[in-house]
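Q: any chance you can model this:
(one chain, ligands or ions: 1)
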Amino acid sequence: MEIAFYKYQGTGNDFVMIDDRSEAFPAQNLKLVQRLCDRKFGIGADGLILIRNRKGYDFEMIYFNADGSQSMCGNGARCAVAFSKFLGIIENETHFLAIDGPHDARVVGDWIELGMSPVSSLSNAGEDFFVNTGSPHHVRFVEDVASYPVVKEGAEIRYSEPYAPKGTNVNFVTPIGPDEIHVRTYERGVEDETLSCGTGVTACALVFGYQNELHEVKIKTPGGKLKVRFSENADGSFQNILLIGPAEQVFRGNMKVEI
Ligand SMILES: N[C@H](CCC[C@H](N)C(=O)O)C(=O)O
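A: Predicted coordinates:
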């Protein structure tokens with residue numbers, strides 16, 4: 001079968017993207033997903049995203065981590081919105097479906113403003129924090145995230161008993177200004193540090209914002225800069241959460257794949 005493959009990156013989190021409105025892609029073939037995401041034997045990416053039709057929505061995004069597991073992906077959703085505009089499915093506003101439910105988003109120049117699912121609460125996790133922003137995130141504040149052993153410590157937490165068997169993503173944070181944080185992330189399903197993690201920086205921004213009575217946080221990641229805006233309710237929940245950042249098409253090409 002010949003497929004038109006696209007690659008997008010959102011602050012360095014990169015994705016193989018397929019217009020699968022024909023539903024021809026064998027989504028149950030996780031070996032194929034893994035192969036396509038393999039950085040040596042395939043196209044190479046942190047994840048793979050299918051765009052499909054869905055009644056009542058402009059489109060549905062189906063996200064796979066590089067290991068074939070599924071979850072909500074914030075950077076991937078921003079790229080899915082940019083890809084859907086490129087395909088002519090949407091103009092500059094959209095209402096689409098992802099694994100964690102419906103999302104609204106807006107294209108503003110090269111940036112995408114993505115509405116994230118509401119967050120019911122922040123939890124303590126020992127000395128650290130845990131937040132589910134559509135994907136599970138452990139959040140640890142550290143002295144100097146730039147020199148922190150992210151992969152070693154991240155893997156340890158990801159595979160630790162409290163998170164078994166599904167695991168969690170792990171984010172390390174150092175404040176670098178009154179309303180700015182530096183974040184590095186170990187991502188479940190990639191099993192490595194990624195250059196940024198959208199649901200992860202959202203989790204970190206909510207914790208930092210809560211601690212400092214902020215409603216907008218700037219985030220620096222190894223892959224680029226993002227912004228998170230949100231409102232907090234009296235019961236400690238969060239809503240109107242926006243993940244704001246760029247998304248870019250970096251490659252397209254056709255390839256025959258055995259299915
Ligand atoms: N690895 C995550 C999903 C992708 C999250 C990340 N790429 C993002 O931008 O949110 C998980 O298994 O929960």
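
Q: does residue 33 count as helix, strand or coil?
A: helix (DSSP: H, G, I helix; E, B strand; the rest coil).

Q: I should have written residue 106 there, sorry.
A: strand.

Q: report the buried residues of stretch 82-95.
A: By neighbour count on 16 or more other C-beta atoms under 10 Å, the buried set for stretch 82-95 is 82, 83, 84, 85, 89, 90, 94. All C-beta atoms are positioned from the backbone trio N, CA, C, and that covers glycine.

Q: the residues you listed into TSV, with extra columns for secondary structure and pLDDT?
A: Shown next, in TSV, are the buried residues of stretch 82-95 (DSSP: H, G, I helix; E, B strand; the rest coil; pLDDT from 0 to 100):
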residue	secondary structure	pLDDT
82	helix	98
83	helix	98
84	helix	98
85	helix	98
89	coil	98
90	coil	98
94	strand	98
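
Q: could you chop this structure up by domain?
A: 2-116+247-256, 123-244 (automatic domain parsing).

Q: can stretch 91-99 be found next to the ligand?
A: No: Stretch 91-99 stays clear of the ligand (C-beta under 6 Å from any ligand atom), getting no nearer than 9.4 Å.

Q: just stretch 4-24 next, same as before
A: Yes: counting by C-beta under 6 Å from any ligand atom, contacts between stretch 4-24 and the ligand involve residue 13.

Q: with just CA atoms, put that stretch into PDB.
A: Taking C-alpha atoms only, stretch 4-24 is exported to PDB below (Å, rounded to 0.1, in the frame of the first residue of the first chain):
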ATOM      1  CA  ALA A   4       1.600   9.900   1.800                       C
ATOM      2  CA  PHE A   5       3.600  10.500   5.000                       C
ATOM      3  CA  TYR A   6       4.100  13.900   6.600                       C
ATOM      4  CA  LYS A   7       6.300  14.900   9.500                       C
ATOM      5  CA  TYR A   8       5.500  17.800  11.900                       C
ATOM      6  CA  GLN A   9       7.300  19.100  14.900                       C
ATOM      7  CA  GLY A  10       5.900  21.100  17.800                       C
ATOM      8  CA  THR A  11       8.900  22.500  19.900                       C
ATOM      9  CA  GLY A  12      11.000  19.600  18.900                       C
ATOM     10  CA  ASN A  13       8.400  16.900  19.700                       C
ATOM     11  CA  ASP A  14       8.100  15.200  16.300                       C
ATOM     12  CA  PHE A  15       5.400  13.100  14.700                       C
ATOM     13  CA  VAL A  16       4.700  11.000  11.600                       C
ATOM     14  CA  MET A  17       1.300  12.300  10.400                       C
ATOM     15  CA  ILE A  18      -1.100  10.600   8.000                       C
ATOM     16  CA  ASP A  19      -4.300  11.800   6.500                       C
ATOM     17  CA  ASP A  20      -6.300   8.600   7.200                       C
ATOM     18  CA  ARG A  21      -9.800   9.800   6.400                       C
ATOM     19  CA  SER A  22     -10.000   6.800   4.100                       C
ATOM     20  CA  GLU A  23      -9.200   4.600   7.200                       C
ATOM     21  CA  ALA A  24      -6.900   2.600   5.100                       C
END
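
Q: count of neighbours near residue 152?
A: 9 (other C-beta atoms under 10 Å).

Q: am I right that it is in a helix?
A: Yes: Residue 152: assigned to a helix according to three-state DSSP.

Q: how close does residue 203 get to residue 181?
A: Distance, residue 203 to residue 181, by C-beta to C-beta, to the nearest Å: 11 Å.

Q: what segments of the stretch 51-200 of the chain are helices?
A: Along the stretch 51-200 of the chain, counting by DSSP state H, counting those that start in this stretch, helices occupy 74-86, 150-158, 198-212.

Q: tell me the contacts of residue 31?
A: Contacts for residue 31 (C-beta atoms under 8 Å, 6 or more residues apart in numbering) come out as residue 68.
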